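Engineer: mind looking at a prediction? Sequence and model below.
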Amino acid sequence: MKKQIILNVIYLVGIMVSLKYAIETYRDGSPLITIFCVAVLLTLIYFKLQLYKDVRKNIPQNKDKK
């Protein structure tokens, strides 16, 4: 559980920093670095969603007991 919290924090900080630099480089007019920042951003979002999917898979389902 502690490992998942640490990974969540790392992914969220990485997403925020990547988005910040993507916006800054887009305003400065440097397309190559902007593309790189957007690629990093999408990769972090993908891994964040994979982590969320793994966490949801490990949660026990509540089944109706008769």
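Structural biologist: Okay, I see it. None of these values were measured; they are calculated from a predicted model.
Engineer: could you list the low-confidence segments of this protein?
Structural biologist: Judged by pLDDT under 70, the chain has its weakly predicted residues at 55, 59-66.
Engineer: show me where it has helices.
Structural biologist: 2-28, 31-58 (DSSP state H).
Engineer: format these as TSV; extra columns: mean neighbour count.
Structural biologist: (Glycine included, C-beta is placed from N, CA and C.) As requested, these are arranged in TSV below (neighbours: other CB atoms under 10 Å):
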stretch	mean neighbour count
helix 2-28	13
helix 31-58	13
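Engineer: center of this protein - which residue?
Structural biologist: The residue lying closest to the centre of the chain (CA atoms, centre = their mean) is residue 45, at 3.1 Å.
Engineer: who's in contact with the residue lying closest to that residue once chain neighbours are set aside?
Structural biologist: Excluding the flanking residues, the one nearest residue 45 by CB to CB, 6 or more residues apart in numbering is residue 15, at 6.3 Å. Each residue near residue 15 by CB atoms under 8 Å, 6 or more residues apart in numbering is listed here: 41, 44, 45, 48.
Engineer: out of these, which comes closest to residue 5?
Structural biologist: residue 48 (13.1 Å; CB to CB).
Engineer: so how far is residue 23 from the closest one?
Structural biologist: According to CB to CB, to the nearest Å, residue 48 and residue 23 sit 19 Å apart.
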